[in-house]
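Student: Next comes the sequence, and after it the predicted model I'd like to discuss.
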Amino acid sequence: MSEKTFTFLVPVDDSEGTLAALRYASRRAHEMKGRVALLAIVEAKEIETWGGVERAMADEAFDQARKEMVRFEQLARELSQADVQTYYYKGEPRAVLLDLIATEKEISILVLPAQTKDGQRHPLVQDLTSEKGLKKLTIPLVIVPAACRCDDSQTAPIPSA
């Protein structure tokens, strides 16, 4: 019988809490001999009349997401000491997240930041902890506050681009 490998999924965005969630997931993955998966979601913009402009904007958004993801991948790899899986999708964040969890069976734990960069409750936390969201979520959810040091007395800063 093979031992289950845990994969911690962290959706990344520009919130301060994302870094705390990433550190938490990476350290837990290291402790459990698991790995981290990172998800970048580019929200679809409705520009129906200007299809070419929409494609160009989406391409630019994906390029920016890939550039930013490199920093997060580097930190996750360093802290977890394991390979990091990355996913890039376009769409509505809640729907993309739930579809990814449903299709990628190795994803076993979802780790979300508690707040956005302006201190508000993270929209995915709000969506997924509602009665409707909880019915659709099929894996455990860990919510990490931005102030969490994740058992690290000397927290490493995120590498600069």
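Tutor: Everything's here; your move. Numbers count the residues shown, from 1 in each chain.
Student: Run through the strands of this protein in chain order.
Tutor: Using DSSP state E, the strands of the chain run over 7-12, 35-42, 84-90, 109-113, 141-144.
Student: Kindly export the last one (C-alpha atoms) in CSV.
Tutor: The C-alpha trace of strand 141-144 is given here as CSV (Å, rounded to 0.1, in the frame of the first residue of the first chain):
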residue,chain,number,x,y,z
LEU,A,141,-9.7,24.3,3.7
VAL,A,142,-7.1,26.0,5.8
ILE,A,143,-7.4,29.8,6.2
VAL,A,144,-4.2,31.6,7.2
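Student: Adjacent strands (with direction) for it?
Tutor: Strand 141-144 sits in its sheet next to strand 109-113 (parallel), going by DSSP bridges.
Student: Identify each buried residue in the strand it pairs with, please.
Tutor: Applying a neighbour-count criterion of 16 or more other C-beta atoms under 10 Å, one finds 109-113 buried in strand 109-113. For every residue, glycine as well, the C-beta is placed using N, CA and C.
Student: List the buried residues for the longest helix along the chain?
Tutor: Using DSSP state H to define each element, the chain has its longest helix at helix 51-80. Buried residues in helix 51-80, counted by 16+ other C-beta under 10 Å: 58, 61, 65, 69, 71-73, 75-76, 79-80.
Student: from those, which two are the most distant?
Tutor: Taking C-beta to C-beta as the measure, those span a maximum distance of 30.9 Å, between Ala58 and Leu79.
Student: Could you list the low-pLDDT ranges of the chain?
Tutor: Low-confidence segments of the chain, defined by pLDDT under 70: 1-3, 44-54, 148-161.
Student: can we see that at 50?
Tutor: 1, 46-48, 152-161 (pLDDT under 50).
Student: picking up where we left off before, a markdown table for the buried residues of helix 51-80, including distance to Ala40?
Tutor: Supplementary listing: the buried residues of helix 51-80 in a markdown table, determined by distance: C-beta to C-beta, whole Å:
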| residue | distance to Ala40 |
| --- | --- |
| Ala58 | 12 |
| Ala61 | 9 |
| Ala65 | 4 |
| Met69 | 6 |
| Arg71 | 12 |
| Phe72 | 9 |
| Glu73 | 11 |
| Leu75 | 15 |
| Ala76 | 13 |
| Leu79 | 19 |
| Ser80 | 18 |
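Student: Am I right that Ala21 is in contact with Val111?
Tutor: Yes - the criterion here is C-beta atoms under 8 Å, and Ala21 meets it with Val111 at 4.9 Å.
Student: Perfect, that will be all.
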